[in-house]
Structures are given as C-alpha cells and as structure tokens.
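1. The sequence and its predicted three-dimensional model are supplied below.
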Amino acid sequence: MTSFWTGRRVRLRAVEPDDWAAFMRFDEHSGDQRSGEALHPPRSAEGYRAWAKEQSVAEPRDGCFRVVVEALDGGAVVGTMNSHDVDTVAGRFRYGIGIGSEHQRRGYAAEAVVLFLRFMFAERRFHKCEVEVYAYNEASVALHRRLGFVEEGRLRDHAFLAGRHRDLVIMGLLADEFEERYGFGDL
C-alpha cells in the first residue's frame, strides 16, 4: 500500500519539532531565507526550535497549512511548502515552496508540487492555484511552466530585493488542466 503523500523521490509530512535544525541550515543560505519581500535578521537556534514546535502542533486553518518535503533516499528534510491566500468562495489558493540550496535540481520540488496540488484539487475541490515567482528566479519560472502553469501577469518593479526593484510573475493552473496532465488516480 502506498501513501497519498509519497511519490518516487519525496514524501510530504507534518513538521516535527526536531526539524528545526534543517530549517536553520537552510537559512544559512540567503537565497533560501528570502520569504515574501524581505531578508530576515538572524534567528537563534532557540527561535528555530520554538517555530518548529509551534508548526508541529498547528492545525490547518481555512485551508492554510505547511508540510515538510522529505527525501525518500535517506529521509533528509529537503524543504517545505505551504498553502496561503486561500479563497474558498472563488475556489483558489496560492502556495509557496522552498527547497534548500544543497537539494535543488534533483526533482524534489516538481514532485512535491504535484503531490500537493493533487491533494488541493482532488480532495479539497479547489478550482485554481496561483503562484508568485520573482522574475529573476528563472529556475522557478521554468519549473512552473514545465508543471503546466501559465503566466497570467507580471507586476513590474513590485519588490525591492538585494538592492533593486524586481518583477513578480503571477502564474496559474486550473484543476482540469492539472487533471489532464497528471490525473487524480485512485485516491
């Protein structure tokens, strides 16, 4: 028997208190640390412990939740993803994903996104997923295009990052487009 949350490379699971060290390691690389539009000041080990403990007991709220992306070959925490900006009336949501720099370009993100979207579309009946990607992050824009996302808009000079203004690309994927490409399978 296989788990809905497990693919060939990764499994999505809840955050555990002991995951704090992996998140602290990710934040040692400034590119991994960027969240939203700001680089955060350094956080103590105790701050990471408290955050991971809080996340480990957090209940999904209004369709918003966070999961850990864990590699099947060795069980390492390779990243995290979360749903946010959930609109249950319109049937859309956004998500964010971060894969630690030492784990990138191994297919972890693509598989995690497909698992996550299958849950949101097939189990939670959402109609649309939107994702925001900084235009300079060409790898992420390319990943989302490969996954079937379509560029729906661009907010020019939207964010100030690393000393200059950056464009933000808005991309979207509909549930029927996802199902056509990946299917919902025997859930």
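-> On my side now, so go ahead.

2. lowest-pLDDT helix or strand in the protein?
-> Within the chain, no helix or strand scores below helix 30-33, which has a mean of 48 by mean pLDDT, DSSP states H and E.

3. Any idea how far the helix or strand that contains Glu179 is from the middle of the chain?
-> Using DSSP states H and E, Glu179 maps to helix 175-182. Here helix 175-182 is found 19 Å from its chain centre; the criterion is Cα atoms, centre = their mean, to the nearest Å.

4. Show me what that helix is in contact with.
-> In this structure, residues lying in contact with helix 175-182 by Cβ atoms under 8 Å, 6 or more residues apart in numbering are 114, 117-118, 121-122, 126-129, 148. For every residue, glycine as well, the C-beta is placed using N, CA and C.

5. Please tell me how far stretch 164-184 is from the chain's geometric centre.
-> Using Cα atoms, centre = their mean, the mean C-alpha position of stretch 164-184 is found 13 Å from that of the whole chain.

6. what comes up buried for that stretch?
-> Buried residues in stretch 164-184, defined by neighbour count with 16 or more other Cβ atoms under 10 Å: 166, 168-175, 177-178, 182.

7. and the helix or strand following the least confident helix or strand of the chain, average pLDDT?
-> Later in the chain than helix 30-33, the nearest helix or strand by DSSP H and E is helix 45-57. The average pLDDT for helix 45-57 rounds to 93.

8. tell me what the one helix or strand Phe160 maps to is packed against?
-> Assigned by DSSP H and E, Phe160 belongs to strand 150-161. Applying 3 or more Cβ pairs under 8 Å, 6 or more residues apart in numbering; DSSP states H and E, we find strand 150-161 packed against strand 128-134, strand 164-174.

9. Strand partners (parallel or antiparallel) of the last one?
-> Looking back up the chat, that one is strand 164-174. Each strand paired with strand 164-174, and its direction, by DSSP bridges: strand 128-134 (antiparallel), strand 150-161 (antiparallel).

10. now the angle between helix 175-182 and it, please.
-> Angle, strand 164-174 to helix 175-182, by axes from the mean of the first three to the mean of the last three Cα atoms, to 10 degrees: 80 degrees.

11. Output strand 164-174 as PDB, restricted to C-alpha atoms.
-> Provided in PDB are the C-alpha atoms of strand 164-174 (Å, rounded to 0.1, in the frame of the first residue of the first chain):
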ATOM      1  CA  ARG A 164      17.000  46.800  -6.600                       C
ATOM      2  CA  HIS A 165      13.400  46.500  -7.700                       C
ATOM      3  CA  ARG A 166      12.200  43.200  -9.100                       C
ATOM      4  CA  ASP A 167       9.300  42.000 -11.200                       C
ATOM      5  CA  LEU A 168       6.900  39.500  -9.700                       C
ATOM      6  CA  VAL A 169       5.400  36.900 -12.100                       C
ATOM      7  CA  ILE A 170       1.900  35.600 -11.400                       C
ATOM      8  CA  MET A 171       1.300  32.100 -12.700                       C
ATOM      9  CA  GLY A 172      -1.900  30.000 -12.600                       C
ATOM     10  CA  LEU A 173      -3.000  26.400 -13.100                       C
ATOM     11  CA  LEU A 174      -6.700  25.200 -13.200                       C
END
